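Participant: no sequence on hand, only this structure:
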């Protein structure tokens, strides 16, 4: 829940129109493993309000998880669990056909692992966001969504669930009585149905900081995004994602934050 000192997400102006005054900015962090370093977690933590931290199944060894949780606390950034299919070799981007009960256990295992490091750092895991192939599967398939949500509800029903607006994942989480938040992707292209363009298609990943910042502002203020085909689709969001492994991620996040703050929109965690 938002603390009393944080502003409301929206306000009503003198003309009766709703104006956005705050948005969450999240990023996928802790995605190194052993000697392999991915992205600049420390720099990103100085820009975002929520960190989706890998839980060890697509990336993130124990020491990396511990270090990123500690850094998130130092930067006053909320910690979220980025749970995944057990796919280190494929960075969690390969779909796996796993029985729902087993998938619930897989997600539960990851929540416990990350929450241990969050607790040691003086914080806790406040929300859950699936990663990669699990994200897409949970957003599209009610059975996968229910398995993920079941793990969250069993572990800690005070945790929120972050996902695509209107997706099966958020429907399942809402039905289970969990707090939900729709997210938009600043650095990814959209299909006409509001889903993300697969990474294998040209133009799926956006890298121009200025263009992304302008696009992000429109997503936050107007609640729409222009798709790869040129159509406009609605994106009712409470959070905006910048992938930590996108080329120039720090510059992109900085440009987005500057653009939003220049428009009078504060950056605050959604939890």
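Facilitator: Perfect, I can see it now. Worth saying up front: this structure is predicted, and the values here are computed from it rather than measured.

Participant: please count neighbours and contacts with C-alpha atoms only from this point.
Facilitator: Noted.

Participant: show me where the stretch 151-271 of the chain has its strands.
Facilitator: Secondary structure of the stretch 151-271 of the chain (DSSP state E, counting those that start in this stretch): strands at 160-163, 180-185, 224-226, 232-234, 239-242, 266-267.

Participant: which one of those lies closest to residue 256?
Facilitator: Residue 256 sits nearest to strand 239-242 of all those, at 9.2 Å, using Cα to Cα.

Participant: parallel or antiparallel, list what pairs with the closest one.
Facilitator: Paired with strand 239-242 in the same sheet, following DSSP bridges, are strand 22-29 (parallel), strand 180-185 (parallel).

Participant: count the residues that sit near the spatially closest residue to residue 148 that is not a sequence neighbour.
Facilitator: Excluding the flanking residues, the one nearest residue 148 by Cα to Cα, 6 or more residues apart in numbering is residue 104, at 5.6 Å. Residues near residue 104, counting by other Cα atoms under 10 Å, number 21.

Participant: C-terminal to the host helix or strand of residue 104, what's the next element?
Facilitator: Per DSSP states H and E, residue 104 falls inside helix 100-120. Next helix or strand after helix 100-120 toward the C-terminus (DSSP H and E): strand 125-128.

Participant: before we move on, the earlier item: now the helix holding residue 104: average pLDDT?
Facilitator: For helix 100-120, mean pLDDT is 98.

Participant: do stretch 248-262 as well
Facilitator: Mean pLDDT, stretch 248-262: 96.

Participant: quick one: residues in contact with it.
Facilitator: 39-40, 43-44, 47-48, 207-210, 212-214, 216-217, 242-244, 266-267 (Cα atoms under 8 Å, 6 or more residues apart in numbering).

Participant: which of these count as buried?
Facilitator: 39-40, 44, 47-48, 207, 209, 212-213, 216-217, 242-244, 266-267 (16 or more other Cα atoms under 10 Å).

Participant: keep only those of those that are in helices.
Facilitator: The helices, defined by DSSP state H, take in 44, 209, 212-213, 216-217 from the buried ones among the contacts of stretch 248-262.

Participant: deepest of the strands of the stretch 151-271 of the chain, which one?
Facilitator: Across those, averaging neighbours per residue (mean count of other Cα atoms under 10 Å) puts strand 160-163 on top, at a mean of 26.

Participant: give me the contacts around it.
Facilitator: 126-130, 135, 139, 169-170, 173, 178-183, 271.

Participant: distance from the chain centre to it, please.
Facilitator: Centroid separation between strand 160-163 and its chain, computed with Cα atoms, centre = their mean, to the nearest Å, is 8 Å.

Participant: repeat for stretch 91-101
Facilitator: Worked out by Cα atoms, centre = their mean, stretch 91-101 lies 19 Å from the chain centre.

Participant: what is the neighbour count of residue 246?
Facilitator: Residues lying near residue 246 (other Cα under 10 Å) number 17.

Participant: quick check: the gap between the nearest residue in space to it that is not next to it in sequence and residue 44.
Facilitator: Nearest non-adjacent residue to residue 246, counting by Cα to Cα, 6+ apart: residue 207, 7.2 Å away. Per Cα to Cα, to the nearest Å, residue 207 is found 16 Å from residue 44.

Participant: angle of whichever strand or helix holds residue 148 against helix 100-120?
Facilitator: Assessed by DSSP H and E, residue 148 sits inside helix 142-155. Using axes from the mean of the first three to the mean of the last three Cα atoms, to 10 degrees, the inter-axis angle of helix 142-155 relative to helix 100-120 is 40 degrees.
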